[in-house]
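J.: Mind looking at a prediction? Sequence and model below.
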Amino acid sequence: MLEVVALYLVVGAIAGVLAGLLGIGGGLVIVPMLVFCMELQHLPQELVMHLALGTSMASIMFTSVSSFMAHHRRGAVEWSVVRRIVLGIIAGTYLGTHIAAGMSTGALKVFFVIFLYYVCYQMLSGKKPKPSRHLPGNAGMFGAGGVIGVVSSLVGIGGGTLSVPFMVWHNIPIHKAIGTSAAIGFPIAVAGTIGYVVNGWNEPNLPPYSLGFVSLTALVCIAVMSVLTAPLGVRLAHSLPVDKLKKVFAVILFLVGTRMLISLF
């Protein structure tokens, strides 16, 4: 048990740095690491992915607050964008948790791996937007928020892997896109956590100290460490070449996704 707790603490530390550095909430690392930890504990296989997703969402509530406050102090959060997209984000995320509850662990793993591969391509391609491109109107922002929310809840992330490229594609500067994405991650995490708690509430085979599909043991460990390390990631984001770091991170994600895919067989 102590080994698992130590691993949860390490996961939290890494997640916090990534949240501040890349604006991704750390979920892309948290989910596969939680799957690994929970399989070590021999938890029911049919619940592992749901617990990993729900716990990841809950942990991002803490990570995102620490991250976006640090970005806000540097003037890197576009609050007008947050206000325009937040309703779509909340609706899409809560809907996504209901979709996830009806999927098997295997199906969720496949969806997660496909999404990881998409993220790798997006990070490595380095496509640039047209200078004339601007954010859409309120209906378009609601729709974009809905899509980001649904996908985020299905893969247990804070939405940064979609919201950062969405904003950059519409010519929001990269550092402001990262800071704004961290702020968007909070409503995603709240709506996603509520959804996973509700959908897992009556599940009979949950491990001890669980609240629906949220493992409180893992949540406490990850939350404590991620809140401590997120400001470090913010400092790095404002001093390091983020584009190069994203390419390194993309390779790591590819390896993580491939390992998870192999584990299915």
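T.: Yep, it's here. Every value quoted in this text rests on a predicted model; they were computed, and no experiment measured them.

J.: Contacts only, for V224.
T.: Contacts for V224 (C-beta atoms under 8 Å, 6 or more residues apart in numbering) come out as L9, G12. Heads up, the C-betas are built off the backbone N, CA and C, glycines and all.

J.: Any figure for the gap between it and H71?
T.: V224 sits 21 Å away from H71, going by C-beta to C-beta, to the nearest Å.

J.: Could you do V11 as well?
T.: From V11 to H71 the distance is 22 Å (C-beta to C-beta).

J.: So the spatially most central residue of the chain: helix, strand or coil?
T.: In the chain, the centroid-proximal residue (C-alpha atoms, centre = their mean) is I157; its distance is 1.8 Å. Using DSSP: H, G, I helix; E, B strand; the rest coil, the three-state assignment for I157 comes out as coil.

J.: so what's it closest to, chain neighbours aside?
T.: Spatial nearest neighbour of I157, excluding adjacent residues (C-beta to C-beta, 6 or more residues apart in numbering): G27 at 3.3 Å.

J.: So for that neighbour, what's the pLDDT?
T.: At G27, the model reports a pLDDT of 72.

J.: Over to I14?
T.: Looking at I14, its pLDDT is 85.

J.: could we number from 187 for the rest of this?
T.: Understood, numbering begins at 187; the last thing we discussed is I200.

J.: Report the buried residues of the helix or strand it falls within.
T.: Element membership for I200, per DSSP states H and E: helix 188-208. For helix 188-208, burial by neighbour count (16 or more other C-beta atoms under 10 Å) applies to 190, 193-195, 197-208.

J.: buried set for the helix or strand of the chain with the lowest mean pLDDT?
T.: Ranking every helix and strand in the chain by mean pLDDT, DSSP states H and E puts helix 428-449 at the bottom, with a mean of 77. Neighbour counts over helix 428-449 (16+ other C-beta under 10 Å) mark V428, L431, K432, F435, A436, L439, F440, V442, G443, M446, L447 as buried.

J.: Leaving out the residues flanking it, which one is nearest to the fifth one?
T.: The one in question is A436. M309 (3.8 Å).

J.: Now tell me what touches the strand or helix carrying the one you found from outside.
T.: Secondary structure from DSSP H and E places M309 in helix 291-311. Residues outside helix 291-311 that contact it (C-beta under 8 Å, 6+ apart): 214, 217-218, 221, 231-236, 239, 286, 289, 337, 340-342, 347, 351, 432-433, 435-437, 439-440, 442-444, 446-447, 449-450.

J.: same deal with stretch 252-259?
T.: Counting by C-beta under 8 Å, 6+ apart, residues outside stretch 252-259 touching it are 202, 205-206, 209, 211, 263, 364-366, 368-369, 371-372, 412-413, 416-417, 419-420.

J.: the strands in the chain, which residues?
T.: 396-397, 400-401 (DSSP state E).

J.: now these in a markdown table, with mean pLDDT?
T.: Shown next, in a markdown table, are the strands of the chain (pLDDT from 0 to 100):
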| stretch | mean pLDDT |
| --- | --- |
| strand 396-397 | 94 |
| strand 400-401 | 95 |
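
J.: from these, which stretch is densest packed?
T.: Highest mean neighbour count of these: strand 400-401, a mean of 26 (counted as mean count of other C-beta atoms under 10 Å).

J.: The residue nearest to the centre of the chain reaches I246, doesn't it?
T.: Yes. Counting by C-beta atoms under 8 Å, I343 touches I246, with 7.4 Å between them.

J.: for the longest helix along the chain, what is the average pLDDT?
T.: The residue-count maximum for a helix in the chain (DSSP state H) belongs to helix 231-259. On average, the pLDDT along helix 231-259 is 88.

J.: Any buried residues in it, and which?
T.: Quick answer for helix 231-259 (16+ other C-beta under 10 Å): 233-254, 256-258.
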